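Asker: Below are the sequence and a predicted model for it; my questions follow.
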There are 2 protein chains.
Amino acid sequence: MPSLETYSKELDYSYALGIFPCMEAMKKAPETVRRLLISQKGEDSEGVRTLVQLAADKSIRVETADKVLGKISGKDNCFAAAVFSKRELKPDSDKPHIVLHNPSDKGNIGTILRTALGFGLTSVAVIAPCADVFDPHTVRASMGALFSLNVSVYSSFADYRKDYAEHKLFPFMLTGSCPIEEAVRQKGDRYALVFGNEGAGLPEAFASYGVPTRIPHSDSIDSLNLSIAFAIGAYEFTKRGV
Amino acid sequence: MPSLETYSKELDYSYALGIFPCMEAMKKAPETVRRLLISQKGEDSEGVRTLVQLAADKSIRVETADKVLGKISGKDNCFAAAVFSKRELKPDSDKPHIVLHNPSDKGNIGTILRTALGFGLTSVAVIAPCADVFDPHTVRASMGALFSLNVSVYSSFADYRKDYAEHKLFPFMLTGSCPIEEAVRQKGDRYALVFGNEGAGLPEAFASYGVPTRIPHSDSIDSLNLSIAFAIGAYEFTKRGV
């Protein structure tokens, strides 16, 4: 393997930075982990020792590499990083889907992945253009949830839709005609919760693609944050059992 | 007024940075706005012109101050800032409360304030130690919601509680014995939703202070993000009318 580079979208690998994300990578997707980097400074910490043990169990190579850790994390106090191969997994046809249309913020995507996993929504389609789902910032914001999910990036919504024509669509829109509690009653077995970009929301055309869903809120705010709207959607759609 | 300084917690004023937060400051709390700073670069933009008009309507002084804007925002492209006096407003005794116990992240506090306003929860108590609720980052993350809310900082939970002994407490805890949907049925007219620190949550003692409330989620994640848990709590407690 060539020497590790500062992360960029073009690389076919990325980094899970920090103890917890490393743990998740090695536990949930060990086959994608190329090596574990640890810091000499952290060698005595319990977290790092647990990681090293886990790496041994999974036959993952461990390297002490303080300099590389500093370079790839941009920080002095990053004690561990898992180098992992990027891998997209297709959404499961039999499960509900999350569709994120043109999300532009890595932190939002990460938070959404974590919340999705928390509510048992494990199939995620991300429609480009979008922020990089494999970027270390996204991985970290997801607290490693990325490694437990089926996540795929599609070049267009049509491209996603042709593979999953059966899923009933619930586009979340400020102008949605159907309040969320009513929408939930129509969900059926296979559904997709569709969310738009942070600033622009979903294009108007989505209103005709399914049940345009609205989370009622006061006029005092323009809209809820994307990750907040997503959380309420995920909570409400799954609370009676997915 | 002396020359404006880079923000620090000790100042008795702060900044609302950006068109939208400035608009909210001048519309919702004009009496706190000392002056409006605008950038020469932005003078022709519609947003800045709207701000200038609003300032005239509210008799707020306007200054063109590109250099100061650059200094206080740390950016080249900040077109407007409202300089406002910090002001705490006590939670309303007759309304439901939000209590944030030791929140440490400004972005989280801002997002929570915006979400709270969206769900009509307008009384917020923040228990120190905590991140600065008046910091420009908090204000910006709240999208100016701060200016529509009653927000007060208390030195301890006991200090808050002595003024509002009647509010039924719903501490949100991972170990909470009462699932949220059941908790909602016990809320009554005056209640307080209590949330702990991002990392540590609430101290165990809170379980005995009221109805320890849990948002059910899968074992695949340790916990929901604070702002996400808050959003679900606020949504669920208010959706049948506050």
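Answerer: Everything's here; your move.
Asker: chain center to the least confident helix or strand in chain A by mean pLDDT, what's the gap?
Answerer: Least confident helix or strand, chain A: helix A:66-73 with a mean of 94, by mean pLDDT, DSSP states H and E. Put simply, helix A:66-73 sits 24 Å off its chain's centre (CA atoms, centre = their mean, to the nearest Å).
Asker: And the next helix or strand past it?
Answerer: For helix A:66-73, the following helix or strand on the C-terminal side (DSSP states H and E) is strand A:80-85.
Asker: what packs against the helix or strand where A:Pro171 lies?
Answerer: Following DSSP H and E, one finds A:Pro171 within strand A:168-171. Judged by 3 or more CB pairs under 8 Å, 6 or more residues apart in numbering or on different chains; DSSP states H and E, the packing partners of strand A:168-171 are strand A:191-195. The C-beta positions use only the backbone N, C-alpha and C, and glycine is treated the same way.
Asker: Give me the residues contacting the least confident helix or strand of chain A.
Answerer: For helix A:66-73, contacts defined as CB atoms under 8 Å, 6 or more residues apart in numbering or on different chains pick out A:4, A:6-7, A:15, A:17, A:37-41, A:76, A:78-81, A:136.
Asker: From these, pick the one nearest B:Glu198.
Answerer: When the contacts of helix A:66-73 are compared for distance to B:Glu198 (CB to CB), A:Leu17 wins out at 18.1 Å.
Asker: Distance check, the residue nearest to A:Leu149 when sequence neighbours are not counted against A:Val151.
Answerer: Among residues not flanking A:Leu149 along the chain, A:Thr122 sits closest, at 5.2 Å (CB to CB, 6 or more residues apart in numbering or on different chains). Per CB to CB, to the nearest Å, A:Thr122 is found 9 Å from A:Val151.
Asker: Quick check on the two: which one has the bigger neighbour count.
Answerer: Neighbours were counted for A:Thr122 and for A:Val151 using other CB atoms under 10 Å in any protein chain shown; A:Val151 has more, 27 against 23.
Asker: Check which helix or strand the more buried one maps to.
Answerer: Following DSSP H and E, one finds A:Val151 within strand A:150-154.
Asker: how about the residues of chain A near chain B?
Answerer: For chain A, the residues in contact with chain B (CB under 8 Å from any CB of the partner chain) are A:111, A:114-115, A:117-120, A:143, A:145, A:148, A:181, A:215-218, A:220-222, A:224-225, A:227-228, A:231-232, A:235-236, A:239.
Asker: Select only the buried ones of those residues in ChimeraX?
Answerer: ChimeraX command restricting the residues of chain A next to chain B to the buried ones, with burial defined by 16 or more other CB atoms under 10 Å in any protein chain shown:
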select /A:111,114,115,117,118,119,143,145,148,215,217,220,221,224,225,227,228,231,232,235,236,239
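Asker: about what we covered before: right, and the helix or strand after the strand holding A:Val151?
Answerer: Using DSSP H and E, the helix or strand that follows strand A:150-154 in sequence is helix A:157-163.
Asker: Helices of chain A, residue ranges please.
Answerer: Assigned by DSSP state H, chain A shows helices spanning A:19-28, A:46-57, A:66-73, A:106-118, A:136-141, A:157-163, A:180-184, A:226-238.
Asker: re earlier: quick check: the residue nearest to A:Leu149 touching A:Ala116?
Answerer: Yes. In terms of CB atoms under 8 Å, A:Thr122 counts as a neighbour of A:Ala116; the distance is 7.2 Å.
Asker: list residues touching both of those two?
Answerer: Shared contacts of A:Thr122 and A:Ala116, defined by CB under 8 Å, 6+ apart, comprise A:Leu149.
Asker: rewinding a little: and the contacts of helix A:66-73, which of them are buried?
Answerer: A:Leu4, A:Tyr7, A:Tyr15, A:Leu17, A:Leu37, A:Ile38, A:Ser39, A:Cys78, A:Phe79, A:Ala80, A:Ala81, A:Pro136.
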